[in-house]
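In: Here is my input; please provide its structure:
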Amino acid sequence: MKKTIIEKDPGVHVNKSDDISGGGQGTTETVFHRHFEAFGNNDMTELMNDYTEHSEIWTPDGIITGLDAIAVFYANVFPLLPKGHTTFEMKKQVIKDDKVYIVYSVESEKVSIPFGTDSFVIKEGKIVWQSLASQIFLKSE
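Out: From the prediction side, this is the model:
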């Protein structure tokens, strides 16, 4: 996935107290960046390492709970955002304590997402809660 990252807004707070040197299960920032990279690479194995059986993803269509359901969700998302054929633009990223908030847009050969937002709660190196909402337009084939 080609990633275009826009410079962070001066008003955005990134928690600089997070130790990103590695070790342990990872801080909020390291877990999020690892998750974002796995998502961009359509790497289901690495992506699923960030969740637990009790993790939840809240979407406009309902709540997705557990590893099997989350894997099915991403199995449906990845074909729309193929590796190497997707441009992701991060418009805002806020990381504070155990929380992450992002706003983005995405273009691929399959979909246009002019606006999307995700929020995460990360504890002990795992995403325990995530919410997402986006405006998705399917492109004709």
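
In: Name the nearest residue to residue 65, ignoring sequence neighbours.
Out: Sequence neighbours aside, residue 56 is the residue nearest to residue 65 in space, at 5.0 Å (criterion: Cβ to Cβ, 6 or more residues apart in numbering). Using the backbone N, CA and C atoms, a C-beta is placed for each residue, glycine as well.

In: for that neighbour, what are its contacts?
Out: By Cβ atoms under 8 Å, 6 or more residues apart in numbering, the residues touching residue 56 are 63-65, 128-130.

In: go again using 10 Å as the cut-off
Out: Shown in contact with residue 56 (Cβ atoms under 10 Å, 6 or more residues apart in numbering): 63-66, 69-70, 121, 127-131.

In: Next: residue 130.
Out: Listed by Cβ under 10 Å, 6+ apart, the contact set of residue 130 reads 35, 50-51, 55-59, 64, 70, 100, 118-122.

In: Filter those down to the buried ones and express that as a ChimeraX selection.
Out: To isolate the buried ones among these in ChimeraX, judged by 16 or more other Cβ atoms under 10 Å, type:
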select :35,50,51,55,56,57,64,70,100,118,120,121,122
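
In: Just give me the residue right at the centre of this structure.
Out: The chain has residue 36 as the residue nearest its centroid, 5.1 Å off, counting by Cα atoms, centre = their mean.

In: and that residue, that one's in a strand?
Out: No: counting by DSSP: H, G, I helix; E, B strand; the rest coil, residue 36 is not found in a strand; it is helix.

In: Now do it against residue 138, distance only.
Out: Residue 36 sits 24 Å away from residue 138, going by Cβ to Cβ, to the nearest Å.

In: pretty sure residue 110 is in contact with residue 80, am I right?
Out: Yes: at 4.7 Å, residue 110 counts as touching residue 80 under the criterion of Cβ atoms under 10 Å.

In: Pull up the overlap in contacts between these two.
Out: Shared contacts of residue 110 and residue 80, defined by Cβ under 10 Å, 6+ apart, are found at 86, 136, 138-139.

In: Highest neighbour count among the residues you listed?
Out: Of all these, the highest neighbour tally under other Cβ atoms under 10 Å goes to residue 86, namely 21 neighbours.
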